[in-house]
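# generate a structure from the sequence data that follows.
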Amino acid sequence: MTLKNIILTAFVFAITLTSCEEQNNKSKSQPSNKKEKTINLTSAYTTQQIMDEDEFWKLIEKSRIAANNNYKIQCDSLKTILLTLEPTEIEKFDNTFSALLDAAYDYKLWGATNVINGDSNTDDFDNFIQYLIGYGKEKFYQSIKDPESCVSWIKSNNEDTSEGLRYSATRAYRQKTGKDPSATIQPKYELKGIPFTLDYDTLMKLYPKLAKKFMATNNGR
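Predicted coordinates:
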């Protein structure tokens with residue numbers, strides 16, 4: 001190989017190496033967009049008053065697994081788990097539960113509840129949200145974002161009770177202290193979003209999947 005060819009080869013190699021290094025540095029400086037930010041509906045509340053939301057969901061998941069996905073048993077299993085905590089932590093758990101209930105007070109979810117359970121009142125809606133929380137973080141958040149996403153697994157109140165999960169903390173706290181937990185978080189529980197009529201045609205249009213599964217069996221439909 002001639003001296004000229006050696007010099008040319010070395011020059012090309014140097015340019016290629018520099019280009020690769022620049023591309024590598026550029027990739028490192030630009031964070032990936034594949035990882036979505038974790039949604040946290042309790043972030044608006046003072047952290048001293050509530051439990052870290054990730055810790056909250058770990059306890060919910062633990063109770064669900066212990067109950068083998070039986071919601072009635074889960075209410076008791078959650079109480080048993082909470083009894084292992086200090087009273088102040090049980091209060092924080094209870095406050096976090098209240099914050100999540102408030103965050104889920106949305107017209108879209110309210111409409112879905114009416115499809116699933118027939119004409120629902122505020123108590124039915126509150127119980128339904130508790131039921132969603134019992135299924136864990138992923139399904140809870142997904143149901144708020146897209147209520148129809150729960151069609152493959154949700155049950156109506158006629159098929160499975162949806163009462164009691166939020167009271168597991170109250171029962172655990174009473175057993176440990178003889179008192180009720182201090183509700184330092186007291187949301188207004190007001191529906192958010194855009195209101196709409198709950199007539200049959202509107203619900204059929206907005207929730208076609210849920211309507212196909214539930215509205216044919218609900219009384220008065």
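
# flag the shaky bits of the protein, pLDDT-wise.
Along the chain, segments meeting pLDDT under 70 span 1-48, 157-163, 216-221.

# that one: helices as residue ranges?
With DSSP state H applied, the chain shows helices at 3-29, 53-66, 71-82, 87-103, 107-117, 122-134, 137-145, 167-177, 200-206, 208-210, listed in chain order.

# can you tell me which of those helices is nearest to P187?
Nearest to P187, of all these, is helix 87-103, at 3.4 Å by C-beta to C-beta. For every residue, glycine as well, the C-beta is placed using N, CA and C.

# got the buried residues for that closest one?
Of all the residues in helix 87-103, those buried under the rule 16 or more other C-beta atoms under 10 Å are 89-103.

# closest one of those residues to K137?
When the buried residues of helix 87-103 are compared for distance to K137 (C-beta to C-beta), L100 wins out at 9.6 Å.

# state the distance from that closest one to K209.
The spacing between L100 and K209, counted by C-beta to C-beta, to the nearest Å, is 24 Å.

# check K176 too.
Using C-beta to C-beta, one gets 43 Å for the distance from K176 to K209.

# cool, P195 as well?
Counting by C-beta to C-beta, the gap from P195 to K209 is 22 Å.

# those two: which has the busier surroundings?
Shown here are P195 and K209; by other C-beta atoms under 10 Å, K209 has more neighbours (14 against 9).

# thinking that one is in contact with E148, fair?
Yes: with contact defined as C-beta atoms under 8 Å, K209 reaches E148; the gap is 4.8 Å.

# overlap in contacts of the two?
Common contacts of K209 and E148 (C-beta atoms under 8 Å, 6 or more residues apart in numbering): none found.
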